[in-house]
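1. this one's structure only:
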Ligand code: APR
């Protein structure tokens, strides 16, 4: 039996599934990953540019990176969910998948129709004022008109609501993600190198709670290499999950 067939059998018999996703699930939608290939973000930019201290001391330079790398992608009409996002949303509609914990900030799970999505690293969808607490949708901000964007109430530079290096995980997402690992039969791990803490503890906690780990990745991750993965489907997440939907007879 191939790994994909083993994954299909395991999903067929599962009652409660959690998905844990990383940048790799969005690569086929047109967004580059952070690591692992020549077009990866951290091969081309210094991660310090989105360290909280750098942002506070050099808001314009940090915002130039944020605008060019994150908001340019998010505003493009051609960046859409792929078959992997759609498969996970379909599993939720089937009542098998209870939550997604994502490290991604691209909102593609929600666009694919997933309802329970814990954004462990926050989101690009909103911006906040660290000074007065004001919050605004990214859709209401014109980065060409006012740059860097400022709070309408107090005039301070706004910060995107995704997590910068040196910043804590949003409490609600942290607590919701941990609760989501309880009692799951399967944790589907998709497109993550597994290198970033504390996000990497989510599949580890699911495993400790008795879950079988089914991993989709183009190459082995830290989870694969450390022997945590029970079924490793090597390939592109969109392609493989498209095939999985066919095997399971699930419309995506
Ligand atoms: N299908 C499946 N997996 C893929 C695909 C694909 N089409 N393309 C790449 N991958 C895999 C790579 O092999 C790699 O293991 O996706 C993974 C991407 O790893 P990272 O770029 O490290 O992304 P991620 O694990 O999500 O990074 C975690 O790091 O910089 C921080 O906050 C950022 O959330 C991010 C965190």
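-> Arrived safely. Owing to the predicted nature of the structure, the values given are computational and were not obtained by experimental measurement.
2. Would you indicate which residues of stretch 125-144 are buried?
-> 125-129, 136, 138, 141, 143 (16 or more other Cβ atoms under 10 Å). In short, each C-beta sits where N, CA and C put it, glycine included.
3. End to end on that stretch, go ahead and measure it.
-> Using Cα to Cα, to the nearest Å, the end-to-end distance of stretch 125-144 comes to 17 Å.
4. Show the average pLDDT along it.
-> Mean per-residue pLDDT for stretch 125-144: 93.
5. what does stretch 36-48 give?
-> On average, stretch 36-48 scores 89.
6. Repeat that for stretch 195-214.
-> Per-residue scores along stretch 195-214 average to 97.
7. For that stretch, what is the distance to the chain centroid?
-> 15 Å (Cα atoms, centre = their mean, to the nearest Å).
8. from here on, count from 48
-> That works, and once the first residue is 48, the last one we named lands at stretch 242-261.
9. so what's the closest residue to residue 72 other than its chain neighbours up against?
-> Of all residues beyond its chain neighbours, the one nearest residue 72 is residue 238 (4.0 Å), with distances taken as Cβ to Cβ, 6 or more residues apart in numbering. Residues in contact with residue 238 (Cβ atoms under 8 Å, 6 or more residues apart in numbering) are 68-74, 80, 131, 263-264, 284.
10. Distance check, residue 238 against the ligand.
-> Between residue 238 and the ligand the computed distance is 4 Å (Cβ to the nearest ligand atom, to the nearest Å).
11. For residue 86, which three-state class applies?
-> On the three-state scheme (DSSP: H, G, I helix; E, B strand; the rest coil), residue 86 is labelled coil.
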